[in-house]
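[1] Sharing a sequence plus its predicted fold:
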Amino acid sequence: SALVLLFVGLLTIGTWNVPVGLFVGTAIFAAGQALAFPALMTIAVAATPPAERSSVVGTFSAFADVGFAVGALGLGGVATAAGYEAVFIVGALSSVAGALLLARIPTATPRVRRAEAA
């Protein structure tokens, strides 16, 4: 649901070219971002042994920051070539790409401990 909100928010900003469209799209995007970061962090931490989880949190946060920086630089080129609306449409499409990548991650089966015989 987070990636859907990101997609809808960015697409709204990119296509609804009036101030109210910017506000509505930003609110939807913010809700998606508020859900996406902790959800993705949870996926990363859940797949990690307990002793390595602090390293995973730091690495995940660092790569998220690098992604924000590289994305901003790359989308600056898109804005120069195609305008600001295209930046948000490309961002919306990247959320679709993210959803496709997440769909490839195998789901974890819950670990159930067997009850010990009394």
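    Sure, I can see it.
[2] what comes up buried for the helix or strand where residue 69 lies?
    Using DSSP states H and E, the element containing residue 69 is helix 53-82. Using 16 or more other Cβ atoms under 10 Å as the test for burial, helix 53-82 gives 56, 60, 75, 78. Every residue, glycine included, has its C-beta placed from N, CA and C.
[3] quick one: the second one and residue 13, what's the gap?
    Plainly put, residue 60 is 26 Å away from residue 13 if you go by Cβ to Cβ, to the nearest Å.
[4] cool, the third one as well?
    Using Cβ to Cβ, residue 75 is found at 13 Å from residue 13.
[5] Report the contact partners of the spatially closest residue to residue 30 that is not a sequence neighbour.
    Nearest non-adjacent residue to residue 30, counting by Cβ to Cβ, 6 or more residues apart in numbering: residue 9, 7.4 Å away. Residues in contact with residue 9, defined by Cβ atoms under 8 Å, 6 or more residues apart in numbering, are 25, 26, 27, 28, 29, 30, 31, 32.
[6] Work out for me the element residue 9 sits within.
    Assigned by DSSP H and E, residue 9 belongs to helix 2-15.
[7] Let me see the mean pLDDT of that helix.
    Summarised as a single mean, pLDDT over helix 2-15 is 96.
[8] how about it: buried residues?
    So, applying 16+ other Cβ under 10 Å, buried residues of helix 2-15: 2, 3, 5, 6, 7, 8, 9, 10, 11, 12, 13, 14.
[9] From residue 17, how far out is the spatially most central residue of the chain?
    Residue closest to the average C-alpha location in the chain (Cα atoms, centre = their mean): residue 36, at 4.7 Å. Between residue 36 and residue 17 the computed distance is 25 Å (Cβ to Cβ).
[10] who's in contact with stretch 79-91?
    With contact meaning Cβ under 8 Å, 6+ apart, stretch 79-91 is reached by 6, 10, 11, 13, 14, 15, 17, 25, 71, 75, 78.
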